[in-house]
Structure formats: C-alpha cells, structure tokens
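[1] sequence first, then the predicted structure:
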Amino acid sequence: MSTTASGTNGTGSGGARKAGAAGTVRGRTGPWRNWAGNVTARPAREVAPASVEELSAAVRRAAEDGLRVKAVGTGHSFTSVAATDGVLVRPHLLTGIRNIDRAAGTVTVEAGTPLKRLNEALAREGLSLTNMGDIMEQTVSGATSTGTHGTGRESGSIAAQIRALEMVTADGSVLTCSADEHPDVFAAARIGLGALGIITAVTFAVEPVFLLTAREEPMPLDRVLSEFDQLWAENEHFEFYWFPHTGNTNTKRNNRSAGPCRPVPTVKGWFEDEFLSNHLFHAVNHLGRAVPATIPVIAGISSRALSARTYTDLPYKVFTSPRRVRFMEMEYAVPRAALADTLRELKAMVDRSPLRVSFPVEVRTCPADDIALSTASGRDSAYVAVHMFRGTPYQAYFTAAERIFTAHEGRPHWGKIHTRDAEYLAAAYPRFGEFTALRDRLDPDRRFQNDYLRRVLGR
C-alpha cells in the first residue's frame with residue numbers, strides 16, 4: 001500500500017511545483033564555490049527549476065545555445081565534478097518526499113532534498129535508511145552521484161540503498177530506471193558523477209526506524225590493526241580515527257539496540273561534539289597552521305581529549321556528526337584485506353617525513369556492491385581518508401599518501417581530491433568500459449561534460 005507524505009520543505013513535490021511553477025533563470029552570475037573553497041566555477045547562467053518539466057526545458061535550451069549543463073548540490077565535493085562554465089542547475093526547488101510505499105519498503109524523494117531533511121522526515125514516519133555517511137548537509141542526488149558512504153559490515157553506501165532513479169537525459173527526455181526497468185542504466189547511474197543525466201528523484205529502500213548503540217573509546221593503533229578483522233566481524237558498523245604523530249586512535253562501534261533510547265546528555269554532547277571537536281579543534285588548527293612545530297604536541301593532546309562514551313539514539317543521529325572545521329580531503333578505497341598494511345605504510349611515511357598533520361585519518365569499510373563505478377564495486381573495501389586544515393599546504397601529504405593507496409590498488413573517492421585519470425581508473429574498475437559505453441549512448445554530444453569528467457572518464 002502506498003501513502004503520500006508531505007515534503008521535507010513543508011510541501012509535497014506537487015506543492016513545490018505549484019509554488020514555483022515558473023522556476024528561476026538568471027543570466028551571467030557571480031562565481032560558484034564549493035564548501036572547502038578550493039573549486040570555483042563561473043557559469044554562463046543559473047537555473048532553479050521547480051519541476052521536472054522545467055529542468056527538461058532548461059537542458060533543451062542549453063543544447064540550442066551550445067552550453068554544457070551541470071547540477072550542483074551543497075558543494076561538499078572537493079573535486080570539480082559539478083563545476084561548469086555553461087548552465088548551472090540548482091535543485092533547491094526540487095525537494096520533498098513524493099511517496100512512501102510501506103509495503104515495498106521504499107521512499108521516493110526529490111533530488112534536491114538535503115539528507116538532513118530526509119532523515120528527519122523519515123523519522124517522523126517511523127522509518128529510516130539502513131546506513132548513512134557522517135554528514136547530512138548533502139543533497140540526496142549529490143551524495144549518491146559521488147558515492148558517499150558510511151561504514152558497515154553488511155550495509156553499503158547510500159547509493160547501494162537506491163531502488164529506482166528518475167533523471168533528465170541529454171535530449172531533455174525523462175528516463176526512469178531500476179533493476180527491472182533499464183537495468184543497464186540502473187547499474188551505472190546510481191553513482192553516475194552527473195555524466196549520464198541530471199537526477200530528479202531517487203527511490204531508496206527504507207525500514208522501520210530502529211535504535212543504534214554507539215560505543216566510542218580510545219585504542220592504540222597497533223591493537224586496532226592487529227584485531228581489525230575481529231572488530232569488523234563483531235560489529236555492524238566499525239570505524240576509527242588515527243591521530244598522525246601518535247600511536248593513538250579513537251574507535252566507534254555502532255550496533256542495533258532494543259533500547260531504551262539514551263542519547264548523549266545535552267551539556268556533555270555540546271562540550272564534546274561542539275566545543276572540543278569543533279570550536280577548540282578549529283583554534284588549535286589555526287595554531288598548528290601558524291606554528292607547524294606545535295602539531296605533534298597538539299596531536300598527542302587531541303588524541304587523549306575525548307574519553308570513552310556509550311549512547312543509544314536514532315540511526316541518523318548516531319551515524320552523523322557536526323563538521324564545522326573546514327578542511328581538504330583525499331580518500332581512497334583499498335581492498336579490505338590490505339587495510340593494515342596500508343595504514344602501517346601511511347604511518348611510517350608520516351613518521352619519517354617533515355610533514356606536520358593536524359587532522360586525524362578516518363578509516364571505514366563497505367561490503368562489495370554491484371554498481372559500476374562504486375569504489376566498492378565487486379570487492380569488500382576499506383576507506384582511508386586523509387585531511388588537512390583549509391589554508392594549510394596539503395599537496396606533499398596527499399601526494400605521498402596517494403602513492404601508498406595506488407600501490408594497494410586503491411580507488412579514489414569521486415568527490416575527494418585525487419590525481420587519477422581515465423587510464424588508471426579503467427584498470428581499477430572492471431566495469432569501467434560498461435559505464436563509458438552507456439555514456440556514449442546517453443550523452444554522445446557530452447552535454448554533461450566538464451574538465452573533471454574529461455580527465456576521469458576520457459573524451
């Protein structure tokens with residue numbers, strides 16, 4: 001039985017379309033910048049369609065004018081995957097839940113809906129996604145198109161939870177796909193990099209809302225790596241942060257719970273998650289940027305600042321955390337069996353180098369999936385993410401880290417900084433040719449092309 005829910009912006013999609021039936025179109029605009037501030041684009045014009053029909057018309061008009069088209073979300077990618085000098089599509093009027101099908105266990109949501117609003121709306125309906133990444137500011141289309149993931153023993157990325165997609169293709173037509181309808185498109189478009197079309201709606205698998213108990217505790221890096229297989233096997237969701245210049249980590253284990261709900265107390269949560277992890281961390285990073293020699297001392301203090309804690313709450317409140325300190329990031333997926341060697345080599349590289357790294361290294365896992373350009377496509381994967389405080393030179397660190405990652409057959413996150421090109425990626429992804437052949441068919445004139453796609457996908 002299907003039921004219709006109100007949209008996350010206070011209206012259903014039909015209401016949103018009536019409210020902004022004409023949408024908005026602007027001529028030459030000022031520059032667009034991403035969240036980290038390292039990517040700037042100067043589009044010829046911007047459009048904010050209020051319906052799928054308006055988006056189709058905007059794509060057709062762009063073709064008539066000889067302009068490329070790219071959609072942007074909230075700019076949380078560190079690459080120029082969404083940058084364009086043509087038509088920039090802002091999807092903020094395409095928001096809200098279209099439909100909840102409780103019998104099928106699915107929700108269909110407009111592509112511009114932020115994950116935060118989706119999660120809050122699902123919770124009100126007594127529903128939840130199975131897994132999440134660690135931030136909620138992204139739009140559903142931006143998060144899925146670039147392969148955003150959390151950590152999970154059996155549950156994969158956000159894109160792996162997709163059951164159907166609707167998108168506008170290069171000729172302005174609307175295409176829907178699923179495992180049963182256009183399955184070749186579905187196999188690729190769940191992580192499509194915006195290269196196959198502009199997503200307008202996503203249907204996710206959902207389940208009745210549940211509780212997660214999180215157990216966070218410090219642990220020596222040597223112990224985490226020696227016991228990693230056991231920690232991974234015993235927990236539904238396991239992740240850890242290693243603090244460079246130290247042998248310390250902070251681990252997090254999330255497992256389903258019968259309850260009761262026991263969230264982090266308000267004052268304690270503010271002190272640990274806002275004051276220590278954001279405000280104070282921001283201040284000490286400024287100090288480290290000004291006086292790099294202080295970073296190893298700061299890292300030692302930071303790695304011991306958070307004590308062990310256990311709490312139980314709704315899934316999206318456990319999976320995600322506030323990220324207010326801006327940074328640059330590179331992340332690679334390596335085969336899960338190669339994680340310990342990868343981390344040991346990364347630590348040895350930092351220890352013997354003059355590098356000063358103030359941000360922890362984040363480690364997560366995902367099971368193999370069947371999405372053509374998923375970083376977990378066909379293999380169980382571990383993710384290693386390196387960060388640098390914004391404004392701090394990062395190239396030397398990222399270059400050295402990337403050598404280690406690629407030596408272990410690493411696949412770069414599509415939305416994070418990397419230097420790989422189509423030649424490398426074609427060898428890293430068994431289904432790469434399948435994706436590019438589909439792109440040739442759906443977008444032969446490269447209406448959705450930009451410099452980033454030219455580099456990573458080829459012509």
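    Yep, that arrived. Everything numeric here is computed off the predicted structure, so don't read it as measured data.
[2] so what's residue 366 up against?
    By C-beta atoms under 8 Å, 6 or more residues apart in numbering, the contact set of residue 366 is 149-152, 156-157, 160, 333, 375-376, 380-381, 383. For every residue, glycine as well, the C-beta is placed using N, CA and C.
[3] whoops, I mixed them up, residue 308
    Residue 308 sits in contact with 215-218, where contact means C-beta under 8 Å, 6+ apart.
[4] cool, and residue 60?
    171-172.
[5] confirm that it sits in a helix.
    Yes: Residue 60: assigned to a helix according to DSSP: H, G, I helix; E, B strand; the rest coil.
[6] what pLDDT does it get?
    pLDDT recorded at residue 60 is 98.
[7] for residue 133, same thing?
    92.
[8] measure it to residue 217 for me?
    As for residue 133, its distance to residue 217 is 22 Å (criterion: C-beta to C-beta, to the nearest Å).
[9] what about the closest residue to residue 370 other than its chain neighbours, how many residues close to it?
    Once flanking residues are discounted, residue 370 sits nearest to residue 187: 6.7 Å by C-beta to C-beta, 6 or more residues apart in numbering. If you count neighbours by other C-beta atoms under 10 Å, residue 187 ends up with 20.
[10] what sits against residue 187?
    Contacts of residue 187 (C-beta under 8 Å, 6+ apart): 370-372, 431, 434.
[11] which one of the residues you listed is nearest residue 237?
    residue 371 (19.9 Å; C-beta to C-beta).
[12] the closest one against residue 160, yeah?
    Yes: at 6.7 Å, residue 371 and residue 160 qualify as touching, with contact defined as C-beta atoms under 8 Å.
[13] which one of residue 133 and residue 217 is surrounded by more residues?
    residue 133 (19 against 15).
[14] test my guess that the more buried one contacts residue 158.
    Yes: using C-beta under 8 Å, residue 133 makes contact with residue 158 at a distance of 6.5 Å.
[15] overlap in contacts of the two?
    Both residue 133 and residue 158 are contacted by 115, 143, 148-150, under the criterion C-beta under 8 Å, 6+ apart.
[16] phi, psi of residue 410?
    Torsion angles at residue 410 (phi, psi; degrees, to the nearest 10) stand at phi -70, psi 150.
[17] again but with residue 386, I slipped
    When read as degrees, to the nearest 10, the backbone of residue 386 gives phi -110, psi 140.
[18] end-to-end on stretch 301-310?
    Taking C-alpha to C-alpha, to the nearest Å, stretch 301-310 runs 22 Å from one end to the other.
[19] for that stretch, which positions count as buried?
    302-303, 306 (16 or more other C-beta atoms under 10 Å).
[20] who does residue 369 bridge with?
    residue 377 (DSSP bridges).
[21] that one against residue 158, yeah?
    No: using C-beta under 8 Å, residue 369 is not in contact with residue 158, being 11.2 Å away.
[22] more neighbours: those two, which one.
    Each of residue 369 and residue 158 has its neighbours counted (other C-beta under 10 Å); residue 158 has more, 25 against 22.
[23] what pLDDT does the more buried one get?
    96.
[24] and the residue nearest to residue 370, which helix or strand is it part of?
    Per DSSP states H and E: residue 187 is located in helix 183-189.
[25] same thing with residue 103?
    Counting by DSSP H and E, residue 103 is part of no helix or strand.
[26] mind checking how far it is from residue 205?
    Taken as C-beta to C-beta, the span from residue 103 to residue 205 is 13 Å.
[27] now do residue 95
    20 Å.
[28] before we move on, what about residue 152?
    From residue 152 to residue 205 the distance is 14 Å (C-beta to C-beta).
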